[in-house]
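> Output the structure for:
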Amino acid sequence: MENFTDVGFILNGFLFVVSGILVMWMAAGFAMLEAGLTRSKNNATVLTKNIALFAISCVMYYFVGYQLMYGEGGAFMGSFAIMDMTTGADASYPAASDFFFQVMFVATAASVISGTIAERMKLWPFLIFVVVLSGVIYPLQGHWTWGGSELGGIIAGFSDFAGSTIVHSVGGWAALAGVLILGARKGKYSKDGQVKPIPGSNLTLATLGTFILWMGWFGFNGGSQLALGSKADIEGIALVVADTNMAAAAGAIAAAILTQIIYKKVDLTFVLNGALAGLVSCTAGPDLGMMVAFIEGIVGGILVVLAVPFFDKLRIDDPVGALSVHLVAGIWGTIAVGIFNPDVTILAQIKGIVVIGVFVFVASFIVWKILDLIVGLRVDEETEVTGLDIHETGLECYPEFKKA
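Numbers count the residues shown, from 1 in each chain. As a prediction, the model looks like this:
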């Protein structure tokens, strides 16, 4: 080892690799959460979606997305050349370690969509959409923010430390566009406006998925410090991880208390989503201190309990509550940075939310609509009633527990 520069290079690369591994583990969390909150007749399809979207995101982001997001170019997009991962413009870390860390965020955005459209969308149209999302839609808005172009100054001053908007709300806006075209699951809403609960198959799996996501978030937010080469960096990472944990805990507690007040019982599904909403809420500003994280988490947990029935009133069917967790809490978390960080204005945060939200929603709606016109998004009624697994994958997740 020749000098302290080498030490910094090694530590920075180590941070990206280990954090990327933790974020990759979140893919398992999303799969378990979605499988647990949906019906067993659709679980093989759910699991197929989750592993396929992860693989597609990794490939598309390498061939197109990463360079489009971070490459040279104007305000609207970078260049399309495939980057050489053996070298990098920033010599303070290995280029491949940065790609590995960043690609996990793309897969996270796609995972948000998977839960929202579950139990009634065909497999292949969803996967084709993931190709477009990971190759074009996500990298373009990423180029305006983390890529540094600020869209020609339109969203200058916008701050999102680890992606409340850039990752989570992007997944939420894309999911919202898709579900508006797709429609609700059969029997979810009656003609007189009543909402019929459709219980998930396995709350044990859903709880396991939530804990996996909670753990993986330490890499998601902690790795977004982007450096481990100094005392200040490790202090920053420690604060981010502690803040992240606090926000999740506060969100879970807030959801538990509020469901007891409203429904006279503690609803586990809301507690799980309350923890996740707390995590999303602090992701834009996990470096602002534990008291701020506590407040962000409390508000996030409250919002998710109120947002789920709100979407139901609009007849927007979201089987896992992803819109409430990732879109609503993502917006709140981004605005919260403007409230609690004196160096950031609320106006700059709102401008970023609106610009990114409009772009992602409109672009996603167009892609979803084209797919619907060409191949159709929704399975037929018989497939939805009997379950997607046999029709889409030729498998059943629990064949030995089939009803006689």
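> Asp312 contacts Val195, doesn't it?
Yes: the pair Asp312 / Val195 is scored as a contact, 4.7 Å apart, by C-beta atoms under 8 Å. (Glycine included, C-beta is placed from N, CA and C.)
> Common neighbours of the two, please.
Tyr189 (C-beta atoms under 8 Å, 6 or more residues apart in numbering).
> higher neighbour count, those two?
A side-by-side neighbour count of Asp312 and Val195, using other C-beta atoms under 10 Å, places Asp312 first with 19 against 14.
> Next one, pLDDT for the more buried one please.
Asp312 is assigned a pLDDT of 97 by the prediction.
> Where does it sit, in terms of helix or strand?
Using DSSP states H and E, Asp312 maps to helix 290-313.
> Skip ahead from that helix and say which helix or strand is next.
Scanning onward from helix 290-313 (DSSP H and E), the first element met is helix 322.
> by contact count, what packs against that next one?
If contacts are counted by 3 or more C-beta pairs under 8 Å, 6 or more residues apart in numbering; DSSP states H and E, helix 322 sits against helix 95-116, helix 170-182.
> how far does the longest one sit from the chain's center?
What it means is helix 95-116. Relative to its chain's centre, helix 95-116 lies at 8 Å (C-alpha atoms, centre = their mean, to the nearest Å).
> circling back to that earlier point, could the helices and strands packed on helix 322 go into JSON lines alongside mean pLDDT?
As requested, the helices and strands packed on helix 322 are exported to JSON lines (pLDDT from 0 to 100):
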{"stretch": "helix 95-116", "mean pLDDT": "97"}
{"stretch": "helix 170-182", "mean pLDDT": "98"}
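> List just the one of those that sits closest to Ala322.
The closest of the helices and strands packed on helix 322 to Ala322 is helix 95-116. By C-beta to C-beta, the value is 4.4 Å.
> low pLDDT regions in the protein?
Counting by pLDDT under 70, the chain has low-confidence residues at 1-5, 74-75, 78-81, 83-90, 402-404.
> what about 90?
1-8, 71-92, 152, 191-193, 229, 398-404 (pLDDT under 90).
> And stretch 393-404, what's buried?
Buried residues in stretch 393-404, counting neighbours by 16 or more other C-beta atoms under 10 Å, are found at 393, 396-397.
> now stretch 20-40
Burial within stretch 20-40, assessed by neighbour count using 16+ other C-beta under 10 Å, is assigned to 20, 22-24, 26-40.
> Same question for stretch 149-169.
149-151, 155, 158-169.
> ok, Cys397 - contacts?
Counting by C-beta under 8 Å, 6+ apart, the residues that Cys397 touches are 35, 40, 43-44, 47, 389.
> do Ile350 as well
For Ile350, the contact set (C-beta under 8 Å, 6+ apart) comprises 335, 338.
> check which helix or strand covers it.
Per DSSP H and E, Ile350 falls inside helix 346-374.
> Check which element follows that helix along the chain.
Downstream of helix 346-374 (by DSSP H and E), the next one is helix 381-386.
> got the contact list for the helix or strand that that following helix is followed by?
Next helix or strand after helix 381-386 toward the C-terminus (DSSP H and E): helix 388. Outside helix 388, the residues that touch it by C-beta under 8 Å, 6+ apart are 41-42, 45, 119-120, 123, 379.
> at 7 Å instead, please
For helix 388, contacts defined as C-beta atoms under 7 Å, 6 or more residues apart in numbering pick out 42, 45, 119, 379.
> The third one touches Val320, doesn't it?
Put plainly, it is Glu119. No: the pair formed by Glu119 and Val320 falls short of the contact definition of C-beta atoms under 7 Å, at 9.9 Å.
> which of the two has more neighbours?
Set Glu119 next to Val320 and count neighbours by other C-beta under 10 Å: Val320 wins out with 28 against 24.
> Return the backbone torsion pair for that one.
Backbone torsions for Val320, taken as degrees, to the nearest 10, come to phi -110, psi 0.
> burial count for the closest residue to it other than its chain neighbours?
Nearest residue to Val320, sequence neighbours excluded (C-beta to C-beta, 6 or more residues apart in numbering): Gly115, at 3.6 Å. Gly115: 28 surrounding residues under other C-beta under 10 Å.
> Pretty sure Gly115 sits against Ser324.
No: applying C-beta under 7 Å as the test, Gly115 and Ser324 come out as separate, 11.0 Å apart.
> where's Glu20, which helix or strand?
Let me fix one detail, which is that residue 20 is Gly and not Glu. helix 4-37.
> tilt between that helix and helix 95-116?
Angle, helix 4-37 to helix 95-116, by axes from the mean of the first three to the mean of the last three C-alpha atoms, to 10 degrees: 10 degrees.
> Starting from helix 4-37, tell me the next helix or strand along the chain.
helix 43-60.
> from the middle of its chain, how far away would whichever helix or strand comes after that next one be?
For helix 43-60, the following helix or strand on the C-terminal side (DSSP H and E) is helix 66-70. Averaging C-alpha positions (C-alpha atoms, centre = their mean) puts helix 66-70 19 Å from its chain's average.
> Which other helices and strands does helix 66-70 contact?
Under the contact definition 3 or more C-beta pairs under 7 Å, 6 or more residues apart in numbering; DSSP states H and E, helix 66-70 sits against helix 138-144.
> Could I get the CA-only coordinates of the helix it packs on as PDB?
Extracted in PDB, the C-alpha atoms of helix 138-144 (Å, rounded to 0.1, in the frame of the first residue of the first chain):
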ATOM      1  CA  TYR A 138     -35.200   5.900 -14.200                       C
ATOM      2  CA  PRO A 139     -31.800   6.900 -15.600                       C
ATOM      3  CA  LEU A 140     -33.200  10.100 -17.300                       C
ATOM      4  CA  GLN A 141     -34.600  11.500 -14.100                       C
ATOM      5  CA  GLY A 142     -31.500  10.300 -12.300                       C
ATOM      6  CA  HIS A 143     -29.300  12.300 -14.800                       C
ATOM      7  CA  TRP A 144     -31.200  15.400 -13.700                       C
END
